[in-house]
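Colleague: next comes the sequence, and after it the predicted model I'd like to discuss.
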Amino acid sequence: MTKQIIVPFGPQHPVLPEPIHLDLVLEDERVVDAIPSIGYIHRGFEKLVEKREYPEYVYIAERTCGICSFIHGATYCQGIEQIMNLDVPERAQYLRVIWSEYSRMHSHLLWMGLFADSFGFENLFMNAFRIRERILDVMEQTTGGRVIQGSCKIGGVRRDISNEKLDEMHRDLDSIEREIRDLTTVFLQDDSIKHRLRNVGRLSKEDAYHLGASGPTARGSGVAIDLRKTGYGAYGKLSFQLVTDSCGDCYGRCAVRAKELFTSIDLIRQATQKIPDGPIDIKVTGVPNGEFFARAEQPRGELVHYIKGNGTKFLVRSRIRTPTLTNIPPLVRMLQGCELADVPVIVLSIDPCISCTER
Amino acid sequence: MIRVAYFEMTKTAIKTLLSTPATILYPAQPAKKTALSRGHVTIDESRCISCGTCQRKCPSQAIVVSKEAKTWQIDRLRCVVCNSCVDTCPVKCLFMDTQYSSPVIARSVEVIAITYVKPVKPEKKDEASA
């Protein structure tokens, strides 16, 4: 039997945007097991809920993650609104969908850039970030923040988008779509990329389901789960195709994210056309008393905010379960049996967001 | 026929070569800002009534208002520029500037003296004595 050695991977590693540590058990160059450990950037967000009034906690909930921040804020608001039985105006719900989808696009583009970087395609990385910048510009023009939008509040949204601006956004999507199509063609057609990603980090459909994979990691293995299909917010009034891929390897997960960019563009187009006129928020009185599991689809998968209030201005419990946490067991399975040189690509393929995971 | 797709990137590369750079020459050219951009909070000290709403609504506890000393303090490094104080100020004396606050080499608290003077109400004429 070959002698086993343990090689530490992370928490600081050139391909890792955030700190996660993996102890890789190797036999020669082959990984036989991986032992993950997290806990480098725990910030105590869930405890902070006891010290801040529930309307102000929206700003803190949003800062859980620096990439899918808007969806964190919106999910927290959804939870409070359900507990307090608030009827959010339809225009606000559509605006939430628009900003959520722009967030998804910017997150996927960021991931595609980092992924390209992980397999050494530097100028594809730059290209992805250049397109992402256009999405961030729209975010800044409409909310005031590039990555921390801060436009969600309990009972609606804080800012409206004028109908002229919505039309302009609708028109701009055409050129953004063209640029994204050029980018995704490289990802999906280029032979060198295919060669690098095909059959790397395989995850079977059964494993993906039983190990609790979520988001593009699950869909890349053929598990058709998307929280948006449950129709929360205004998603019920919009139609879209669920993107899945049966490969279950790194290429499959990349293809799902690439195709989801077009789903997001399509959803924004529909939302900008269907958005009704009307108020964007309602007056909120009273305090939350009760508990609720708010769920939403983040770029990385299913996000859960558990919120419990006791009839005071301060909540008693807030628990955030992020998709990366559930994607770590599938990651360990993908790593078993791979080559050491493939580890960075496989780790990046689940789109790890460790700051979210540790809160 | 086997299609060799090694040069998918070439189209993008040629396009990029023929177009203007996507980046700007910062700081020679100012950074892009929009009317809504959140840079830093400013105060019109002549209108602040020292009510302390901004202090209570600040999620990062960056603002301290002292009614006695008539000061409004902000710790720029604590401030997360969420716009909460600007939205909730009852007299609308807080504003969001689009430029970021200037870099510092040490942590400090910015103290601003409030110059607001409560207008004296004109005394009511005692109609009965007139």
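Modeller: Looks like it arrived, so ask away.
Colleague: tell me the helix or strand right after the top helix by length along chain B.
Modeller: Criterion DSSP state H: the longest helix present in chain B is helix B:8-18. As assigned by DSSP states H and E, the chain's next helix or strand after helix B:8-18 is strand B:40-43.
Colleague: what residues does that following strand touch?
Modeller: With C-beta atoms under 8 Å, 6 or more residues apart in numbering or on different chains as the test, strand B:40-43 has contacts from B:72, B:74, B:76, B:79, B:81, B:85-86, B:93-97, B:99-101, B:112. All C-beta atoms are positioned from the backbone trio N, CA, C, and that covers glycine.
Colleague: quickly note the distance from A:Leu86 to A:Ile80.
Modeller: A:Leu86 is 8 Å from A:Ile80, where distance means C-beta to C-beta, to the nearest Å.
Colleague: which one of those two has more residues nearby?
Modeller: A:Ile80 (26 against 20; other C-beta atoms under 10 Å in any protein chain shown).
Colleague: ok, which stretches of the stretch 101-250 of chain A are strands?
Modeller: In the stretch 101-250 of chain A, the strands defined using DSSP state E, counting those that start in this stretch lie at A:152-153, A:156-157.
Colleague: and the last one, how far out from the chain's middle?
Modeller: When you say that, I think you mean strand A:156-157. Centroid separation for strand A:156-157 versus its chain: 21 Å, with C-alpha atoms, centre = their mean, to the nearest Å.
Colleague: for it, packing partners?
Modeller: In terms of contacts (3 or more C-beta pairs under 8 Å, 6 or more residues apart in numbering or on different chains; DSSP states H and E), strand A:156-157 is packed against helix A:90-118.
Colleague: go on, the first one?
Modeller: Using 3+ C-beta pairs under 8 Å, 6+ apart as the contact criterion, the secondary-structure elements in contact with strand A:152-153 are helix A:57-62, helix A:69-83.
Colleague: how about 6 Å then?
Modeller: Judged by 3 or more C-beta pairs under 6 Å, 6 or more residues apart in numbering or on different chains; DSSP states H and E, the packing partners of strand A:152-153 are helix A:69-83.
Colleague: just the CA trace of the helix it packs on, in PDB.
Modeller: C-alpha atoms of helix A:69-83 as PDB (Å, rounded to 0.1, in the frame of the first residue of the first chain):
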ATOM      1  CA  SER A  69     -26.000  40.800  -0.300                       C
ATOM      2  CA  PHE A  70     -29.300  41.900  -1.800                       C
ATOM      3  CA  ILE A  71     -30.900  38.500  -1.600                       C
ATOM      4  CA  HIS A  72     -29.800  38.200   2.100                       C
ATOM      5  CA  GLY A  73     -31.600  41.400   2.900                       C
ATOM      6  CA  ALA A  74     -34.700  40.500   0.800                       C
ATOM      7  CA  THR A  75     -35.000  37.000   2.500                       C
ATOM      8  CA  TYR A  76     -34.700  38.500   6.000                       C
ATOM      9  CA  CYS A  77     -37.400  41.100   5.000                       C
ATOM     10  CA  GLN A  78     -39.600  38.200   3.600                       C
ATOM     11  CA  GLY A  79     -39.400  36.400   6.900                       C
ATOM     12  CA  ILE A  80     -40.300  39.400   9.000                       C
ATOM     13  CA  GLU A  81     -43.200  40.300   6.600                       C
ATOM     14  CA  GLN A  82     -44.500  36.700   6.900                       C
ATOM     15  CA  ILE A  83     -44.400  36.900  10.700                       C
END
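Colleague: centre of the chain to that helix, how far?
Modeller: Relative to the mean C-alpha coordinate of its chain, helix A:69-83 is positioned 15 Å out (C-alpha atoms, centre = their mean).
Colleague: list the contacts of that helix.
Modeller: Under the criterion C-beta atoms under 6 Å, 6 or more residues apart in numbering or on different chains, residues A:58, A:61-62, A:64-65, A:88, A:96, A:99-100, A:103, A:148-149, A:152, A:154, A:288, A:290, A:292, A:294, A:296, A:298, A:303, A:305, A:307, A:309 lie in contact with helix A:69-83.
Colleague: now do stretch A:98-107
Modeller: A:67-68, A:70-71, A:132, A:135, A:139, A:261, A:264, A:267-268, A:271, A:299.
Colleague: how deep is the residue in chain B that chain A sits nearest to tucked in, by neighbour count?
Modeller: Closest to chain A within chain B is B:Leu36: 3.8 Å, counting by C-beta to the nearest C-beta. Per other C-beta under 10 Å, the neighbour tally for B:Leu36 reads 16.
Colleague: does A:Glu297 really touch A:Thr230, like I thought?
Modeller: No: using C-beta atoms under 6 Å, A:Glu297 makes no contact with A:Thr230, being 8.7 Å away.
Colleague: contacts only, for A:Gly145.
Modeller: B:Arg38.
Colleague: is the nearest residue to B:Arg76 once chain neighbours are set aside within a helix or a strand, and which one?
Modeller: Distance criterion C-beta to C-beta, 6 or more residues apart in numbering or on different chains; nearest residue to B:Arg76, sequence neighbours excluded, is B:Ser101 at 4.8 Å. Assigned by DSSP H and E, B:Ser101 belongs to neither a helix nor a strand.
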